[in-house]
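Here is my input; please provide its structure:
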Amino acid sequence: MVQPVREEARRDGSSPSTIVLSGARSRAERELVRRWAASTYGDDAARIVADDARELSGALEGAGPDTAVVPVRVVWPPAERSSADAPSAADLLSLSARRRGLRHLHARLRGWSAEKARVVAGEAATLAELRRDGDREVGTADGTGFVAFVRRRATLACDRAERRLTGDRYKVPRLMAEQIVASAAVRRRAGAVADELGLSTDEVLAHTARCLEEMAAVQSPPAIEAFRSVMSPLHRRAWDLDVDDAGLEALREEGRRRPLVFLPSHRSYADPLVLAEVLHAHDFPRNHVLGGNNLAFWPLGALGRRAGIVFIRRSFGDDTIYKFAVREYFGHLLDKRFNLEWYIEGGRTRTGKLRPPRYGLLRYLVDAADQLDEASAGADPLLVPVSINYDQLHEVGALAAEQGGTGKKAEGLAWLAGYMRDQQRRIGSARIRFGEPIGLRDALAEAGEGPSQLEKVAFRVAVGINRAAPATPTGVVTFALLGACGRALTLDQVRAVVAPVRGLLGDEPAIGTLDTDEGLVDTLCRLVSVGVVECFEGGPEPVWSIGPDRHHVAAFYRNGLLHHLLTRAVLEMALFAVVDGGRELAGDRVLEACWEAALALRDLLKYEFFFSRKRDFRDELLAELDRLAPGYRSAPASARGAAELLSRAELLVAPRTLLPFVEAQWVVATVLAAHEGALDDRASFLDACTGLGRQWWRQQLLHGADVVSRELFTSALRAAENRALLGADADPAARAAWRDEVAAVRNRLRRAGEREQALRAEVFDDDGRH
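The predicted model follows:
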């Protein structure tokens with residue numbers, strides 16, 4: 001297919017015939033198309049045919065195979081403005097009227113004039129080429145099905161041509177359900193489903209079409225701009241956007257060759273809105289955002305579907321045809337190079353760290369890509385890990401309450417109004433970072449065949465998200481305050497605790513503000529403003545502490561920092577394990593002993609944190625040991641040598657990093673060890689864990705109130721299930737052994753905490769000297 005040019009006479013004096021398939025929508029536009037055709041092809045050298053099924057059918061019947069079909073459309077480029085600006089009402093009216101050709105409004109619209117109109121031509125094709133493609137794609141080279149195919153092809157060709165004027169941000173899908181159901185390949189696959197269900201192929205396709213109508217996004221530029229305008233109060237005033245856009249240009253170029261699948265972390269309802277604004281400002285096409293249909297209530301559902309949100313049922317059950325429709329929809333989006341976006345955790349984090357990934361949608365993506373021809377760009381989409389972090393969240397209090405067993409509030413119009421009201425106050429920055437893209441085919445190949453293949457790919461994405469995630473000022477400050485054991489700290493004391501943490505995090509630009517007293521006080525004040533931190537000013541100088549019953553909220557911000565400190569924490573505990581061994585080691589065995597202890601701890605916490613592959617994890621551990629003690633290889637290969645390495649640490653991060661998760665596992669392991677038989681009722685079991693946790697917290701047997709978390713207890717249950725401790729045939733001795741193993745690690749962490757308190761003694765002295 002080629003762009004149309006002025007036709008020149010052939011050597012034999014004849015001229016090839018041309019059909020200009022016009023999408024003009026008003027008398028003014030029809031005149032513009034007529035002038036364009038005369039200018040491009042010469043007077044009466046091309047036949048102008050309206051984009052109407054009956055008229056086009058008649059024109060095609062008498063045309064020869066060399067007839068060129070040239071689709072054209074009149075475009076009225078929108079008024080120039082910053083892509084990051086929220087559209088005004090006049091912009092929306094103008095954009096909508098221009099796209100619909102409302103001639104009687106033209107004179108009243110800002111900046112409207114015929115001189116600004118542009119006739120854009122899609123790629124041309126001969127009738128022979130169209131018949132060949134139509135036969136391959138829809139199984140017919142003639143008739144009404146072929147006419148519909150030509151009209152769809154013309155619409156898509158004009159869309160591509162229009163984007164050269166308006167930019168990629170307005171790349172929108174057209175006629176999705178029609179194209180999918182009309183596809184000959186889809187019909188063949190539907191036949192197999194029909195045989196399985198005992199239905200006819202037409203019945204399966206009809207049901208598929210209804211499923212597609214339910215889920216498929218129907219985008220349009222006016223709807224996108226209206227959605228941005230209506231939803232902007234949910235995020236625009238709350239946060240400044242802090243975007244590391246260094247790699248966005250390369251990513252946008254990749255997106256012109258293959259589809260991108262954005263997989264962000266999920267902390268807020270505003271995540272899709274914030275990410276959409278970033279991509280819109282950088283001229284990315286609108287993502288197809290996969291969301292649960294619990295958010296499809298009016299007006300969010302009606303408007304969101306027209307702006308790129310794909311509302312998927314939260315549970316498919318045994319609906320084979322719905323699953324078939326999802327797979328075919330994914331495949332069509334990939335094949336047409338439309339970008340996808342979903343939140344791989346399956347829901348917002350309640351603890352502030354990444355939740356375990358869900359694999360369902362990833363499985364549909366892999367299956368959809370497998371169905372495509374290897375030559376299709378969609379056969380190997382690019383997975384893009386995305387980290388979205390906030391200095392503060394208005395909704396974090398509700399998230400923390402859900403950890404303690406409070407029911408999740410149902411979404412609806414009243415909920416939306418309340419959320420919008422909360423979001424009107426500025427509360428810091430939203431930080432968006434893009435991780436290293438991952439080719440789906442390469443990731444699958446590296447993961448290898450087998451039942452854990454998808455899990456390995458999903459974990460690789462999660463590791464990519466964590467690596468991209470920045471440390472935040474609120475994360476560092478809450479890390480410091482939660483380690484103060486309930487004490488209120490002066491500004492000097494806060495600075496003294498923050499400084500070594502800041503040192504471990506290196507040159508993280510997002511926390512550079514903490515290098516000054518002004519930046520430190522600003523972060524404390526922001527935490528005070530949302531009730532996480534209390535400031536007492538009735539004494540000689542202000543002191544700050546975590547507010548009563550706000551430990552879960554403070555832990556939410558702290559936990560977003562922990563992946564930065566995880567390797568250091570594991571190293572510290574590995575060295576403590578060598579010290580506890582209390583024996584001389586041969587040669588270089590101190591390193592091997594550390595490695596064995598690190599692997600044991602890694603296995604214990606593998607459902608709490610995302611660890612790198614073992615070979616990478618070993619390199620990270622050795623690099624951390626180099627940072628802790630340069631020249632460590634000269635230390636004695638003994639428990640005494642390990643203790644000497646530990647003595648070089650200015651700060652021990654393991655207690656604050658690992659203890660809440662180990663103690664939550666300890667609670668679960670203790671309740672499970674006392675449980676007889678199979679664990680059939682998990683809800684009641686979690687209630688029992690919550691009760692024991694609350695008791696132990698009141699008895700000061702737990703490090704903090706944030707240990708009492710249903711989400712942490714659920715992760716611990718997954719660890720128990722992995723050890724085959726939940727079934728009726730589970731060995732009571734094995735359950736007790738797991739409890740004792742966790743208790744031993746917990747005791748080691750408590751001792752490390754006591755040592756850390758001794759290191760901080762000068763900071764936390766009672767009379768305020770420091």
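
Need the contact partners of stretch 357-377.
185, 189, 257-259, 261, 290, 312, 323, 326-328, 330-331, 334-335, 337, 340, 342, 344-346, 378-381, 440, 444, 454-455, 457-459, 461-462 (Cβ atoms under 8 Å, 6 or more residues apart in numbering). Where C-beta positions appear, they are placed from N, C-alpha and C, glycine not excepted.

Restricted to strands, list the residues you listed.
261, 290, 312, 340 (DSSP state E).

From those, pick the one nearest Ala226.
Nearest to Ala226 among the ones in strands among the contacts of stretch 357-377: Leu290, at 21.1 Å, using Cβ to Cβ.

how about the residue nearest to the closest one when sequence neighbours are not counted, what does it touch?
Closest residue in space to Leu290, ignoring its immediate chain neighbours: Trp342 at 3.9 Å, by Cβ to Cβ, 6 or more residues apart in numbering. Counting by Cβ under 8 Å, 6+ apart, Trp342 touches 263, 289-291, 361.

Pick out the most distant pair among these.
Top of the distance list for the contacts of Trp342 (Cβ to Cβ): Leu263 and Gly291, 13.9 Å.

So those two - more neighbours on which side?
Between Leu263 and Gly291, counting by other Cβ atoms under 10 Å, Leu263 is the more crowded of the two (26 against 19).

Indicate each strand paired with whichever strand or helix holds the more buried one and its parallel or antiparallel sense.
Using DSSP states H and E, Leu263 falls within strand 260-264. Strand pairing for strand 260-264, using DSSP bridges, gives strand 340-341 (parallel), strand 382-390 (parallel).

could I get the ones you listed as TSV with mean pLDDT?
TSV is the format used below for the strands paired with strand 260-264 (pLDDT from 0 to 100):
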stretch	mean pLDDT
strand 340-341	94
strand 382-390	95
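
any chance of the ones you listed in a markdown table, plus mean neighbour count and distance to Glu711?
Putting these into a markdown table (neighbours: other Cβ atoms under 10 Å; distance: least, Cβ to Cβ, whole Å) gives the following:
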| stretch | mean neighbour count | distance to Glu711 |
| --- | --- | --- |
| strand 340-341 | 24 | 24 |
| strand 382-390 | 24 | 18 |
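
Mind putting these into TSV with distance to Thr208?
Formatted as TSV, the strands paired with strand 260-264 follow (distance: least, Cβ to Cβ, whole Å):
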stretch	distance to Thr208
strand 340-341	19
strand 382-390	27
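
Nearest to Leu622, out of the ones you listed?
Here strand 382-390 is closest among the strands paired with strand 260-264 (Cβ to Cβ), at 24.9 Å.

Could you pull up the mean pLDDT of stretch 429-441?
Here stretch 429-441 scores 93 as its mean pLDDT.

Same check on stretch 50-68?
Stretch 50-68 comes out at a mean pLDDT of 89.

about what we covered before: buried subset of the contacts of stretch 357-377?
The neighbour count (16 or more other Cβ atoms under 10 Å) marks 185, 189, 258-259, 261, 290, 312, 323, 326-328, 330-331, 334-335, 337, 340, 342, 344-346, 378-381, 440, 444, 454, 457-459, 461-462 as buried among these.

model confidence over stretch 472-481, on average?
91.

Just the CA atoms of it, as CSV, please.
Extracted in CSV, the C-alpha atoms of stretch 472-481 (Å, rounded to 0.1, in the frame of the first residue of the first chain):
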residue,chain,number,x,y,z
THR,A,472,10.7,8.7,49.4
PRO,A,473,11.3,11.3,52.2
THR,A,474,8.2,10.0,54.1
GLY,A,475,9.6,6.4,53.8
VAL,A,476,12.9,7.4,55.4
VAL,A,477,11.4,9.5,58.2
THR,A,478,8.8,6.9,59.2
PHE,A,479,11.5,4.2,59.1
ALA,A,480,13.4,6.3,61.6
LEU,A,481,10.4,7.1,63.9
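
Tell me how far that stretch lies from the chain's centre.
Chain-centre distance of stretch 472-481: 24 Å, with Cα atoms, centre = their mean, to the nearest Å.

Which residues does it contact?
Outside stretch 472-481, the residues that reach it (Cβ under 8 Å, 6+ apart) are 389-392, 428, 431, 489, 494, 497-498, 501-502, 505, 510-511, 513-514, 519-520, 523-524, 526-527, 532-533, 544-546, 554-555, 557-558, 560-561, 656.

Now that we have the residues you listed, which of them are buried?
Buried among the contacts of stretch 472-481 by 16+ other Cβ under 10 Å: 389-392, 428, 431, 489, 494, 497-498, 501-502, 505, 510-511, 514, 520, 523-524, 526-527, 532-533, 544-546, 554-555, 557-558, 560-561, 656.

Distance of Arg550 relative to Ala683?
Distance check for Arg550 against Ala683: by Cβ to Cβ, to the nearest Å, it reads 27 Å.

So between these two, which is more surrounded?
With neighbours defined as other Cβ under 10 Å, Arg550 and Ala683 compare such that Arg550 has more, 22 against 8.

so what's the residue nearest to the more buried one when sequence neighbours are not counted up against?
Nearest-residue entry for Arg550: Val532, 5.3 Å, with adjacent residues in sequence omitted and distances by Cβ to Cβ, 6+ apart. Contacts for Val532 were tallied using Cβ under 8 Å, 6+ apart; they are 392, 478, 546-547, 550, 553-554, 557.
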